[in-house]
Each structure stands twice: as C-alpha cells, then as structure tokens.
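Colleague: Need a 3D model of the sequence below.
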Amino acid sequence: DAPLGRLVQTRTQAVAAAGEIGYPVVAKISDSSVVHKTERRLVRTGLLSSSELEAAISEFEAELGTDRWRVLLQPDLGTHMEIALGVVRDPGFGPLVMVASGGVATDVMEDRVFLLAPVTALDAARAIRSLRIWPLLNGHRGAGPVDVEGLERMIVALARLVVDVPEIVELDLNPVIMTAHRAACVDVKVRVAEVAWRGDAGVPRRLRSPV
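Modeller: The predicted structure is shown next:
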C-alpha cells in the first residue's frame, strides 16, 4: 500500500495537511536524531481539531527548544493492537525476523519470537499464535479479531526483503498498528551497511528457499 501521511514544516502546512487527511490525526516529530519520542511526548494521537494540532506543535517546540521542526501527520486508526516486527543479522544463521508485542511495552513484556529467513506463511502464522497477546489479536471478550492474515503477509514480505537485500543489517517496525481491516506500519527504522560476511559461493549466507 502507498504510505499514509504528510510531512510538514510549518503550522500552516500542518493545518492544511490535517484538513486533507481528515481528523482525528496523529502528529509526531520526524527527526532521526531525536530518540524516545513517546517518552518525550513528541507523538500525539487523537488530535481532533486544528487548535489541538497547533497546541501539540507548541509543546513540541517547547520540548525541543526550537521552532525548526518536521512533523509527520497521519490518520488516527482508532482502537487497535500494536505489534513489533524487526530484523537482525546473525553471522551464523543470517537474517532473523522478530515478531513481538509492540509499542512501548515491547521491552517490558518480553513477548517475542524469532524466525529464520526465508519465512513461509505457516511460519508466520505459528509465530503470531505463539505470542502471549494472541488472544487479544484473535478477539477477546467480544472484541473483534484484527487483520491477522495481513500481518502474516507482512512478515513473509519482510523476510523476503532482507534475504534479497543483504545490505539491510537492522530493521525495526514498531509499532505495527493492527485493526480489523489492516496492518499498518507507523514507525520504520532501517540501518544499511556493506555486507561484511559471505559464504563460499561469494554471496551472503542464507537458508534454502521454502518449498
């Protein structure tokens, strides 16, 4: 799917973009040098009007100590679950794909599983169902299930990407917003580097493709 959202640098641009996207919106600082955005209240969800958006930008400026910023505006997807997907490269096994509980609770819950790439749809399905939060993803106490099939496709595609592009040494998708109708990436971090290890055939080490 095409990326959702608009990158803006002025209040006028922000208000205009939010009007085009449609309220409620999410506003977040877009700057790779700024870390721990959530803890610093540099991500605001559920903004319902231009006045709330401008107030959020004023608070961003106060926290950053500058009126020079870039803000990413995205539609607010409402009630949802959060998943984290990631990739690391092991010198022996090659790319490992992580599937975990997402959002700010990722490190607290320690609810994660790693898969060896490449990954089949069955691998992805088993990984999702092994998480402690699986009952919440599948619908719990009357809540509807999220788009689990969409998440499975995303995991398979992520594993295929890092096999095909060995220069990707780390990749972090957190959170992946899960609703009944979609799995949407709202925060993506990628680190690329020259491939440092290669197999006997002169290509990066990898497992056999799944049948």
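
Colleague: Give me the most central residue, the chain.
Modeller: Using CA atoms, centre = their mean, the residue of the chain that lies closest to the mean C-alpha position is residue 173, 2.9 Å off.

Colleague: In this protein, which helix is the longest?
Modeller: In the chain, ranked by residue count with DSSP state H as the criterion, the top helix is helix 148-164.

Colleague: what's near enough to touch residue 136?
Modeller: 81, 143 (CB atoms under 8 Å, 6 or more residues apart in numbering). Using the backbone N, CA and C atoms, a C-beta is placed for each residue, glycine as well.

Colleague: Which SSE is immediately downstream of the helix or strand of the chain with the lowest mean pLDDT?
Modeller: Ranked by mean pLDDT, DSSP states H and E, the helix or strand of the chain with the weakest confidence is helix 106-109, at a mean of 71. On the C-terminal side of helix 106-109, the closest following helix or strand by DSSP states H and E is strand 112-116.

Colleague: name the element residue 184 belongs to?
Modeller: Following DSSP H and E, the helix or strand that holds residue 184 is strand 183-185.

Colleague: Mind listing residues that contact that strand?
Modeller: When contacts are taken as CB under 8 Å, 6+ apart, the neighbours of strand 183-185 outside the stretch itself are 4, 77, 83, 146-147, 150-151, 154, 173, 176-177.

Colleague: next one: stretch 25-39
Modeller: 7, 14, 18, 40, 42-47, 53, 56-57, 60, 64, 69-76, 104, 186-187.

Colleague: In it, which residues are buried?
Modeller: For stretch 25-39, the buried set under the neighbour-count rule, 16 or more other CB atoms under 10 Å, comprises 25-30, 37.

Colleague: Report the separation between residue 137 and residue 53.
Modeller: Plainly put, residue 137 is 31 Å away from residue 53 if you go by CB to CB, to the nearest Å.

Colleague: again with residue 122
Modeller: Applying CB to CB to residue 122 and residue 53 gives a distance of 44 Å.

Colleague: Who has more neighbours out of those two?
Modeller: When residue 122 and residue 53 are compared on other CB atoms under 10 Å, the one with more neighbours turns out to be residue 53, at 24 against 11.

Colleague: so who does the residue found closest to the more buried one once you drop the neighbours it is linked to in the chain touch?
Modeller: Spatial nearest neighbour of residue 53, chain neighbours left out: residue 47 (4.9 Å); criterion: CB to CB, 6 or more residues apart in numbering. By CB under 8 Å, 6+ apart, the contact set of residue 47 is 18, 23-27, 53, 56, 76.

Colleague: Appreciated, that's everything.
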